[in-house]
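[1] Sequence first, then the predicted structure:
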Amino acid sequence: MTYQPVIPFSGFAGWRFLSRTMETQKAAFAASSENQRLDRYFRETIGSIDTAQELVDDRRLLSVALGAFGLDADIDNKYFIRKVLEEGSLDRTALANKLSDKSYLALTKAFGFGDFAIPRTKHSTFADEILNQFESREFEVAVGGVDNDMRMAMSLQRDLPALAARDMSEPAKWYTIIGSPALSRVFQTALNLPPSVGALDVEQQRDIYMTKAQRVYGTSDPAELAAPEKLVALTRDYLLRAQLSNMASVSPQNVALSLLRNTGAQGLSLRL
């Protein structure tokens, strides 16, 4: 039976509980019989895989490969995934370099079918590398089954610091945020922007995000927003605003009571 994460509260209070128990819960999730069977199969089999075709032909291996990069939904798009893997990342015209979602680029770089004569599946540390990512991502999926806002908050903790560390200009980082379904959702909610902003020209979106971030957090630089204190503030604002949105159909009395329980004792506030 698959382990179900325990999240007793919604909003930022639930996030604090999940953060405190994260490692214990992740270990329990990874130890489930279903995950252990998949772990063993991947370790025993991945080293024999020489081509992208062989990988996509093995559904269990492919489920781990895609899951490690948050691409689970593409499990049946075998031709597309094979093309991404075979074309690699070195050629600027390769499919992965053309896609706005850079998860595909990370996938093809990790496996190396299109970049090297000998794929990275042959490396002794490869199974550990992919399985560690897979288990973390799958735990996020399991958390999302309980509370999807928590899953988005977990994605933020992983993706924003990684983006901040990349050698890119500030505007380029904002384009990456806008192009990421998870990051754009978190920032849009935390900054109290309407969903309609997503229909604007990408340069207009960038300017709106940067202006609002500067006003709310005192910086428009994603690298500074990934710093510990700013990241906590961004996570808090996202979760509180998401909680308010989720409570839109609930009576005002229950909304107020829930928010008091979740935030009052912690001195939290929402900023406009």
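    Perfect, I can see it now.

[2] Quick check: which ranges of the protein have low pLDDT?
    When residues are selected by pLDDT under 70, those of the chain lie in 1, 248-272.

[3] how does the chain divide into domains?
    As assigned by automatic domain parsing, the chain contains the domains 32-135, 168-266.

[4] middle-most residue in the chain, spatially?
    Computing the C-alpha centroid of the chain and ranking residues by CA atoms, centre = their mean puts S155 first, at 3.3 Å.

[5] List the contacts of the closest residue to that residue other than its chain neighbours.
    Excluding its sequence neighbours, the residue lying closest to S155 (CB to CB, 6 or more residues apart in numbering) is A182, at 4.1 Å. (C-beta placed from N, C-alpha, C; glycine too.) With contacts taken as CB atoms under 8 Å, 6 or more residues apart in numbering, A182 has the following neighbours: M152, S155, L156, D159.

[6] right, so of the domains of the chain, which gets closest to L18?
    Of all the domains of the chain, it is domain 168-266 that lies closest to L18, at 10.6 Å by CB to CB.

[7] For the stretch 101-250 of the chain, which segments count as helices?
    In order along the chain, the stretch 101-250 of the chain carries the following helices (DSSP state H, counting those that start in this stretch): 103-111, 126-146, 148-164, 170-179, 181-190, 202-217, 222-225, 228-246.

[8] Throw those into JSON lines and include distance to I75, thanks.
    Below are those laid out as JSON lines (distance: least, CB to CB, whole Å):
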{"stretch": "helix 103-111", "distance to I75": "13"}
{"stretch": "helix 126-146", "distance to I75": "13"}
{"stretch": "helix 148-164", "distance to I75": "19"}
{"stretch": "helix 170-179", "distance to I75": "22"}
{"stretch": "helix 181-190", "distance to I75": "18"}
{"stretch": "helix 202-217", "distance to I75": "29"}
{"stretch": "helix 222-225", "distance to I75": "31"}
{"stretch": "helix 228-246", "distance to I75": "28"}
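
[9] before we move on, the earlier item: quick check: the farthest pair among the contacts of A182?
    The largest separation in these, counting by CB to CB, is between M152 and D159 at 10.2 Å.

[10] closest to D57 out of the helices of the stretch 101-250 of the chain?
    Once these are compared by CB to CB, helix 103-111 is nearest, at 14.3 Å.

[11] elements contacting the closest one?
    Contacts of helix 103-111 with other secondary structure elements, assessed using 3 or more CB pairs under 8 Å, 6 or more residues apart in numbering; DSSP states H and E, are made with helix 59-67, helix 78-87, helix 95-98.

[12] What are the buried residues along the shortest one?
    Taking 16 or more other CB atoms under 10 Å as the neighbour-count basis, helix 95-98 is seen to contain the buried residues L95, A96, N97.

[13] Can you name every helix or strand that it contacts?
    Using 3+ CB pairs under 8 Å, 6+ apart as the contact criterion, the neighbours of helix 95-98 among helices and strands are helix 78-87, helix 103-111.

[14] Do I have it right that the residue nearest to the centre of the chain meets E140?
    Yes. Using CB atoms under 8 Å, S155 is in contact with E140, at 6.7 Å.

[15] what touches both of those two?
    Counting by CB under 8 Å, 6+ apart, the shared contacts of S155 and E140 are G70.

[16] The helices of the stretch 101-250 of the chain: which one's closest to N35?
    helix 126-146 (7.0 Å).

[17] how far does the closest one sit from the chain's center?
    10 Å (CA atoms, centre = their mean, to the nearest Å).

[18] what does it rub up against?
    Among residues not part of helix 126-146, those counted as contacts by CB under 8 Å, 6+ apart are 2-5, 7, 18, 25-26, 29-30, 35, 39, 42-43, 46-47, 64-65, 67-70, 72, 110, 120, 123, 150-151, 154-155, 158.
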